[in-house]
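Novice: Predicted model and sequence below, questions to follow.
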Amino acid sequence: MAQIGNEPKPVLIFDSGIGGLTVLREARVLMPERGFIYVADDAGFPYGGWEEAPLRQRILDLFADLLAIYDPEVVIIACNTAFTLAGADLRHAFPDMRFIGTVPAIKPAAERTRSGLVSVLATPGTVKRAYTRDLIQSFAARCHVRLVGSENLARMAEAYIRGEPVSDEAVLAEIAPCFVENDGARTDIVVLACTHYPFLANVFRRLAPWPVDWLDPAEAIARQARRLVPLIEGAEHPEGFDFAVFTSGKPDFSTRRLMQGFGLDTAGPLLKAPPDR
């Protein structure tokens, strides 16, 4: 899939499911001249319950195929769990590819908090990762950071964005541990450390016991991608993009409809052949 003339290479966005669509939405605004390939490892979803070694190997094996077929300009890993686990391994295994990672937005949260009470809402895998704790030690040592690992929110977010019912009680049970009161101070920032969670942000705001800043990293990730992706003067959005690839090869009707709503074609096999150039 070599670049021809001024036609730019695509940007590949990878996530365990559909949460990375929050990043795609921001990236498109900043990189209108680029085509996008969205890869959802729905056959492995959700990542939060995986053991580290097999999940790391799964991600590396997937990228051996994805990079060979699609040859993107850059890869955005729009998944905290995947990047905190396998980001360094991906960069080592594929040194010629630029990987833009998603990590919990602990540094900006520590800079913005006024109460000093910050919560990180994440998957269990991200919560237990040493990478996350190193971020806290490096950037938020003066804050009280509560790590909240949710087993269920990623699934709930996927259901919600597909239009399926999600009960207030179930969502509240997942987010309630984020709210801490200590000596008259209250949590004022909750880091959304899973790209699925912003789909539920309005529900979070409605159910929260008091107002907090729900920190969504999608825009910051897109800005970093724009800094690394060269702007080709006169380039237009290429034909044959944008499309989504599902590792199961079997996205259901509601998922296909959702992808179409985001301007993504879902036709084609598991690893769709690149368009004729």
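Specialist: Received the coordinates, thanks. Numbers count the residues shown, from 1 in each chain.
Novice: Starting from Gly125, give me the distance back to the closest residue to Leu21 other than its chain neighbours.
Specialist: Distance criterion CB to CB, 6 or more residues apart in numbering; nearest residue to Leu21, sequence neighbours excluded, is Phe262 at 5.5 Å. For glycine as for every other residue, the C-beta is placed from the backbone atoms N, C-alpha and C. For Phe262, the distance to Gly125 equals 25 Å [CB to CB, to the nearest Å].
Novice: Comparing those two, which residue is more hemmed in?
Specialist: Gly125 (25 against 15; other CB atoms under 10 Å).
Novice: Just the buried positions in the helix or strand in which that one is found, please.
Specialist: In the assignment (DSSP states H and E), Gly125 maps to helix 124-128. By neighbour count on 16 or more other CB atoms under 10 Å, the buried set for helix 124-128 is 124-127.
Novice: Let me know the closest of those to Pro54.
Specialist: Pro54 has its nearest neighbour among the buried residues of helix 124-128 in Gly125, at 12.2 Å by CB to CB.
Novice: Could you check the pLDDT of the closest one?
Specialist: Looking at Gly125, its pLDDT stands at 83.
Novice: does Leu60 really touch Arg91, like I thought?
Specialist: No - applying CB atoms under 8 Å as the test, Leu60 and Arg91 come out as separate, 11.1 Å apart.
Novice: Regarding the residue lying closest to Phe243 once chain neighbours are set aside, what are the backbone dihedral angles?
Specialist: Residue nearest to Phe243 in three dimensions, not counting chain neighbours: Asp265, with 4.2 Å by CB to CB, 6+ apart. Per-residue torsions, Asp265: phi -80, psi 140 (degrees, to the nearest 10).
Novice: To what extent is Asp265 buried, counted in neighbours?
Specialist: Residues near Asp265, counting by other CB under 10 Å, number 14.
Novice: repeat for Glu33
Specialist: Under the neighbour criterion other CB under 10 Å, Glu33 is assigned a count of 16.
Novice: Also Gly234?
Specialist: Counted with other CB under 10 Å, residues neighbouring Gly234 total 6.
Novice: ok, now how distant is Pro177 from Glu111?
Specialist: Counting by CB to CB - Pro177 and Glu111 are separated by 23 Å.
Novice: same deal with Asn80?
Specialist: Shown here: Asn80 relative to Glu111, a distance of 19 Å by CB to CB.
Novice: Looking at those two, which is more packed in?
Specialist: When Asn80 and Glu111 are compared for neighbours, Asn80 comes out ahead with 35 against 12, by other CB under 10 Å.
Novice: Can you verify my assumption that the more buried one contacts Thr102?
Specialist: Yes - the criterion here is CB under 8 Å, and Asn80 meets it with Thr102 at 5.2 Å.
Novice: joint contacts of those two?
Specialist: By CB atoms under 8 Å, 6 or more residues apart in numbering, Asn80 and Thr102 have these common neighbours: Thr195.
Novice: Can you show me the helices along this protein?
Specialist: 21-30, 52-70, 80-93, 106-112, 124-128, 130-139, 153-161, 168-175, 201-207, 218-228, 253-261 (DSSP state H).
Novice: can you tell me which of these comes nearest to Val245?
Specialist: Val245 sits nearest to helix 52-70 of all the helices of the chain, at 8.0 Å, using CB to CB.
Novice: who does that closest one touch, helix- and strand-wise?
Specialist: Identification of packing neighbours for helix 52-70 by 3 or more CB pairs under 8 Å, 6 or more residues apart in numbering; DSSP states H and E yields strand 11-15, strand 36-40, helix 80-93.
Novice: for the protein, which spans come out with low pLDDT?
Specialist: Where the chain drops to pLDDT under 70, the residues are 1-7, 238, 240, 267-277.
Novice: and the gap between the residue of it most remote from its centre and Lys9?
Specialist: For the chain, the residue at maximal distance from the C-alpha centroid (CA atoms, centre = their mean) is Asp183, at 34.8 Å. Asp183 sits 53 Å away from Lys9, taking CB to CB as the criterion.
Novice: Who are the contact partners of the residue farthest from the centre of the chain?
Specialist: Contacts of Asp183 by CB under 8 Å, 6+ apart: none found.
Novice: do the same with Ala193
Specialist: For Ala193, counting by CB under 8 Å, 6+ apart, the contacting residues are 80, 104-105, 120-123, 126, 132.
Novice: Could you single out the nearest of those residues to Lys250?
Specialist: Thr123 (23.5 Å).
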